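Student: Dropping the sequence and predicted coords here.
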Amino acid sequence: MKIRNFVILAFVLVIMDACAPVYVPNVVNVPMFNNQHETHASFHGALSGTNAQIAYAVTNNIGVMVNACYENRFDDSSSYAKRKFVEFGVGYYKAFTKRKVVNTIKNICFSDSVIPDKTIYFLT
């Protein structure tokens with residue numbers, strides 16, 4: 001009975017994995033503010049494209065952030081991937097000490113992606 005359940009679970013996992021889309025996350029932006037008027041900014045180029053991020057502490061407990069990502073990858077005439085998004089967030093933070101901070105941010109994201117050939121991510 002245990003072997004049968006294991007075989008069924010393995011089969012379901014393989015089937016679910018076979019039709020899963022390619023997940024290419026952007027760089028995570030986690031600003032750990034301590035005081036008002038702090039700014040965190042970063043710029044990254046990676047497999048996920050070009051990522052730009054900025055966050056600013058408006059008050060002693062409220063922060064805002066903007067993240068953007070752009071990717072335009074061509075390997076040949078038939079393999080390409082285009083991806084772009086911009087994300088806005090506002091959140092609450094509470095600094096207990098310089099090393100202990102509680103942070104929660106709510107985001108809204110606008111995106112557009114075209115990835116007709118998923119193998120482009122595995123060949124590069």
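Tutor: Looks like it arrived, so ask away. Numbers count the residues shown, from 1 in each chain.
Student: Sketch out the low-pLDDT regions of this protein for me.
Tutor: 1, 15-24, 48, 75-80, 115-124 (pLDDT under 70).
Student: Mind checking what secondary structure the most centrally placed residue in it has?
Tutor: Note on the chain: the residue nearest the mean C-alpha position is Asn26, at 3.5 Å, using CA atoms, centre = their mean. Using DSSP: H, G, I helix; E, B strand; the rest coil, the structure places Asn26 in coil.
Student: got a list of what it touches?
Tutor: Ser48, Gly49, Asn51, Asn67, Cys69, Phe85 (CB atoms under 8 Å, 6 or more residues apart in numbering). In short, each C-beta sits where N, CA and C put it, glycine included.
Student: Extract the C-alpha set from the biggest strand by length in the chain and format it as PDB.
Tutor: Criterion DSSP state E: the longest strand present in the chain is strand 80-95. Coordinates of each C-alpha in strand 80-95 appear next as PDB, following Å, rounded to 0.1, in the frame of the first residue of the first chain:
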ATOM      1  CA  TYR A  80      13.600  35.000 -27.200                       C
ATOM      2  CA  ALA A  81      12.200  36.300 -23.900                       C
ATOM      3  CA  LYS A  82      10.800  39.700 -23.100                       C
ATOM      4  CA  ARG A  83       9.800  40.600 -19.600                       C
ATOM      5  CA  LYS A  84       9.200  43.900 -17.900                       C
ATOM      6  CA  PHE A  85       7.400  45.000 -14.800                       C
ATOM      7  CA  VAL A  86       7.200  47.800 -12.300                       C
ATOM      8  CA  GLU A  87       6.100  47.300  -8.700                       C
ATOM      9  CA  PHE A  88       5.100  49.900  -6.100                       C
ATOM     10  CA  GLY A  89       4.900  49.300  -2.400                       C
ATOM     11  CA  VAL A  90       4.100  51.000   0.900                       C
ATOM     12  CA  GLY A  91       4.700  49.500   4.300                       C
ATOM     13  CA  TYR A  92       5.200  49.700   8.000                       C
ATOM     14  CA  TYR A  93       8.500  49.200   9.800                       C
ATOM     15  CA  LYS A  94       9.500  49.300  13.500                       C
ATOM     16  CA  ALA A  95      13.100  49.300  14.500                       C
END
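Student: Name the residues of that strand that come out as buried.
Tutor: Neighbour counts using 16 or more other CB atoms under 10 Å place Ala81, Arg83, Lys84, Phe85, Glu87, Gly89, Gly91, Tyr93, Ala95 of strand 80-95 among the buried residues.
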